[in-house]
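Visitor: Return a 3D structure for these sequence lines:
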Amino acid sequence: MRAYGGTPMHFNTSKWRCFYCRKAFPLCAFIVVIVNLSFIAYMLHTNPPRYLHSYGGLVPRNFAPGRGRDYPCYHRLRFADPPGLVTALASAPGSGNTWVRHLLQQATELMTGSMYDDGFLKMAGFPAEGVNNGSVLVVKTHDGHPDVRRHFQRAVLLLRHPRDAVLAEFNRLHGGHVGHAKLKDFEERWESFWPGALDYWAAFNTDWLHFQGPLHVVKYEDLELRLNATLRDLLRFLEVSVSAQDFDCALKNNGNFRRKKRRKVTNETKKFVLTEDIRRRVAKSEEAVRLADNERNWAFL
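Guide: Now for the predicted structure:
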């Protein structure tokens, strides 16, 4: 570039670029922050805090997408004060533990805990994941070891038909908490999975039937067919009183942590799940549980 009179002019462009970078960067960063905060504020306005689950915070009782501010079942989850008995919610994997925790939290407004710390569940409405003392109503466990059982003062044992429980756990492992495994998963992984899972179902339930403290048994099938009476019996055992409105909310909005409705065994998967070998092993597992406690009715539906 030439100045007036033909004399060449030279600019130090790198100096100017640096100057503008220093001036513009804070402004750009500020704009990015404002845009993100605006988006978050918009999401919270249109879908009240489905994504913010903190101790004592506002937690919706129904986590289905698309609910707006007109949805009535919002409440504040809280710890038990004073703390109660340390209570196990024991179940073999795939037996509906998360669903029962969801029902209890809706009905009682009390947090439920876990021997584990599942980040997905913590963000999805179970803020007391990892808490395993009397400050929570029940504590999830899939472990039947004597040392684990001794940690609890009373227990709820959640039983589900062994084949259905094993199939649900397989779906969870390969399709997420509410999804389904694909046909390819059955072809490649089912055969190596089900024998060990079925043996664990029998051993786990037999162990918990020998629990030394107060024990209440809930059958998953009873929850499906007689939810009102079964949930009332469970709350009575836990010595928790709830309002009619809270109980009604739990009954009406009970499906958020259940796998989407679909035939348990499809035409594609029945050749894997309904084999004669599995039928024989299921009957053996059921018999082991019946022998562990003959005083109760173990007729699976």
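
Visitor: all strands for the stretch 151-300 of the chain, in order.
Guide: Taking DSSP state E, counting those that start in this stretch as the criterion, the stretch 151-300 of the chain contains strands spanning 154-159, 215-219.

Visitor: partners of the longest one, with directions?
Guide: It stands for strand 154-159. Strand 154-159 sits in its sheet next to strand 87-91 (parallel), strand 215-219 (parallel), going by DSSP bridges.

Visitor: which one of these lies closest to residue 183?
Guide: With respect to residue 183, and counting by CB to CB, the nearest of these is strand 87-91 at 27.3 Å. The C-beta positions use only the backbone N, C-alpha and C, and glycine is treated the same way.

Visitor: Specify the next element, helix or strand, located C-terminal of that closest one.
Guide: The element immediately downstream of strand 87-91 (helix or strand, assigned by DSSP states H and E) is helix 97-108.

Visitor: could I have that next one exported to CSV, CA atoms only?
Guide: Listed next in CSV are the C-alpha coordinates belonging to helix 97-108 (Å, rounded to 0.1, in the frame of the first residue of the first chain):
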residue,chain,number,x,y,z
ASN,A,97,-36.3,-52.1,42.0
THR,A,98,-36.1,-48.6,40.4
TRP,A,99,-39.9,-48.7,39.6
VAL,A,100,-40.7,-49.4,43.3
ARG,A,101,-38.4,-46.6,44.5
HIS,A,102,-40.2,-44.3,42.1
LEU,A,103,-43.6,-45.3,43.5
LEU,A,104,-42.4,-44.8,47.1
GLN,A,105,-40.9,-41.4,46.4
GLN,A,106,-44.1,-40.2,44.7
ALA,A,107,-46.3,-41.4,47.5
THR,A,108,-44.2,-40.4,50.5
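
Visitor: on that earlier part again, could I get the strands of the stretch 151-300 of the chain as TSV with mean pLDDT and distance to residue 204?
Guide: Shown next, in TSV, are the strands of the stretch 151-300 of the chain (pLDDT from 0 to 100; distance: least, CB to CB, whole Å):
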stretch	mean pLDDT	distance to residue 204
strand 154-159	97	9
strand 215-219	96	13
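
Visitor: Redo the ones you listed as TSV? Include mean neighbour count and distance to residue 248.
Guide: Listed next are these as TSV, based on neighbours: other CB atoms under 10 Å; distance: least, CB to CB, whole Å:
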stretch	mean neighbour count	distance to residue 248
strand 154-159	23	22
strand 215-219	19	20
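
Visitor: By mean pLDDT, point me to the weakest helix or strand of this structure.
Guide: Sorting the helices and strands of the chain by mean pLDDT, DSSP states H and E puts strand 58-60 at the bottom, at a mean of 44.

Visitor: measure the nearest residue in space to residue 214 that is not next to it in sequence to residue 84 for me?
Guide: Leaving aside its sequence neighbours, residue 214 sits nearest to residue 154 (CB to CB, 6 or more residues apart in numbering; 4.2 Å). Using CB to CB, to the nearest Å, residue 154 is found at 9 Å from residue 84.
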